[in-house]
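Colleague: Turn this into a model:
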Amino acid sequence: MGNILITGSSGFIGSFLVEEALKRDLKVYAGMRKSSSKKYLQDPRILFAEIDFTNKESIKEFLLKKKQEGVVFDYIIHNAGLTKARKKEDFYLVNYTFTRNFAEALIEAGTLPKKFVYTSSLAAFGPGDEVSMKPVMLDDTPKPVDEYGKSKLEAEKYLMSVTDFPWLIIRPSGVYGPRETDYFVYFQTISRGMEPYIGSRPQILTFIYVKDLVRLIVDAVLSDISGRSYFVTDGKEYTSREFAAITKKHLNKKTLSFTVPAGLVGGIAFAMEKIFSITGRMPTLNTDKFNIMKSLNWTCQVDVLQKDFSFKAEYDLDKGVKEVLEWYKKEGWLH
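Modeller: Numbers count the residues shown, from 1 in each chain. Modelled structure (predicted):
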């Protein structure tokens with residue numbers, strides 16, 4: 001089937017991408033840092049590739065060495081990225097500059113793949129309009145509300161600007177599943193009997209289960225389609241209260257539901273950020289996080305994705321949450 005390089009392989013989505021690519025009989029090279037954990041990369045068929053994205057020349061050296069060994073990457077999924085950072089500049093360094101370094105190294109080494117799939121995010125476009133509640137459309141002007149989304153958008157713009165580069169951009173909405181740590185905090189909060197909301201209006205949320213996402217990404221990398229971008233969800237929309245109800249059902253928990261005024265949360269986030277700036281670190285609750293949490297419309301256009309790849313999610317939120325909570329319990333993350 002060919003050689004595939006998957007960057008960010010040690011992470012949540014990356015480790016599932018490796019598993020999916022192995023299922024398709026691809027020869028998988030797991031791109032990762034020397035210090036990264038191989039906990040979820042135990043399959044003996046995996047070949048490891050240590051790549052230093054901080055330096056374009058070292059990436060070129062790696063690619064040319066592989067070429068001399070007779071290894072050319074037919075496909076690349078660039079999944080490496082930063083979702084949390086101690087400093088806002090780090091988002092741009094990792095998500096934009098490293099991506100640019102990688103693309104330029106591929107061009108200069110003469111090792112362009114048949115397809116280069118970039119794992120971006122709905123955050124690169126930001127939330128939809130909160131008055132009309134219309135979904136974010138593929139031809140809308142992006143309006144990211146956090147530095148993570150802005151850095152992803154910069155990387156997208158760069159890839160789109162490169163002549164004769166076989167890019168394809170995937171923008172998932174909220175990705176959840178086993179091994180994931182951000183939504184886990186929410187599940188843990190519900191498990192402890194608390195059900196918090198910010199502001200009185202419900203958020204409209206969209207999700208994609210990690211197993212559906214990686215199946216779609218590998219379908220995309222093996223397809224004849226390039227030069228396009230897509231949003232990815234399970235095709236459904238959920239309110240924040242529906243999300244809580246599904247979680248409570250599968251945890252068999254009752255909760256204390258309470259609403260915190262958005263202005264209060266925003267003020268705390270701003271203050272925390274100022275305090276932590278003295279140490280050069282970023283608190284968990286910061287202005288970026290608040291901008292995401294207060295946004296009410298995370299719906300987006302998925303009909304083009306469904307048509308181009310005949311994509312239909314196997315997991316809706318109910319099925320996905322049931323499976324992931326079972327995994328957290330089995331692994332001792334939840335009791």
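Colleague: hang on, isn't L26 packed against F73?
Modeller: No. Using CB atoms under 8 Å, L26 is not in contact with F73, being 10.5 Å away. (Each C-beta comes from the backbone N, C-alpha and C, glycine too.)
Colleague: For those two, work out which one has more neighbours and name it.
Modeller: Using other CB atoms under 10 Å, the more surrounded residue of L26 and F73 is F73, with 24 against 21.
Colleague: For that one, which residues are in contact?
Modeller: Contacts for F73 (CB atoms under 8 Å, 6 or more residues apart in numbering) come out as 3-5, 29, 66, 111, 113.
Colleague: got any residues that touch both of L26 and F73?
Modeller: Residues touching both L26 and F73 (CB under 8 Å, 6+ apart) are 3-4.
Colleague: Check the burial of K294 by counting its neighbours.
Modeller: So K294, with other CB under 10 Å, has 19 neighbours.
Colleague: which residues touch it?
Modeller: By CB under 8 Å, 6+ apart, the contact set of K294 is 198-199, 262, 265-266.
Colleague: What of C300?
Modeller: By CB under 8 Å, 6+ apart, the residues touching C300 are 122, 125, 128, 135-137, 171, 173, 206, 231, 233.
Colleague: same deal with F207?
Modeller: Here F207 is in contact with 173-176, 233-234, 238, 317, 320 (CB under 8 Å, 6+ apart).
Colleague: repeat for E180
Modeller: Contacts of E180 by CB under 8 Å, 6+ apart are 12, 210, 324.
Colleague: Spatially, what comes nearest to G227 if we skip its sequence neighbours?
Modeller: Distance criterion CB to CB, 6 or more residues apart in numbering; nearest residue to G227, sequence neighbours excluded, is W167 at 6.6 Å.
Colleague: Next, find the distance separating the residue nearest the centre of the chain from L317.
Modeller: For the chain, the residue sitting closest to the mean C-alpha position, by CA atoms, centre = their mean, is S121 at 5.7 Å. The spacing between S121 and L317, counted by CB to CB, to the nearest Å, is 19 Å.
Colleague: ditto for K253
Modeller: Distance, K253 to L317, using CB to CB: 17 Å.
Colleague: higher neighbour count, these two?
Modeller: The residue with more neighbours, out of K253 and L317, is L317; 23 against 14, by other CB under 10 Å.
Colleague: Now for the residue nearest to G227, how many residues are close by?
Modeller: Neighbour tally, W167, other CB under 10 Å: 20.
Colleague: Tell me if I'm right that it and V221 touch.
Modeller: No. Using CB under 8 Å as the test, W167 is too far from V221 to be in contact (11.3 Å).
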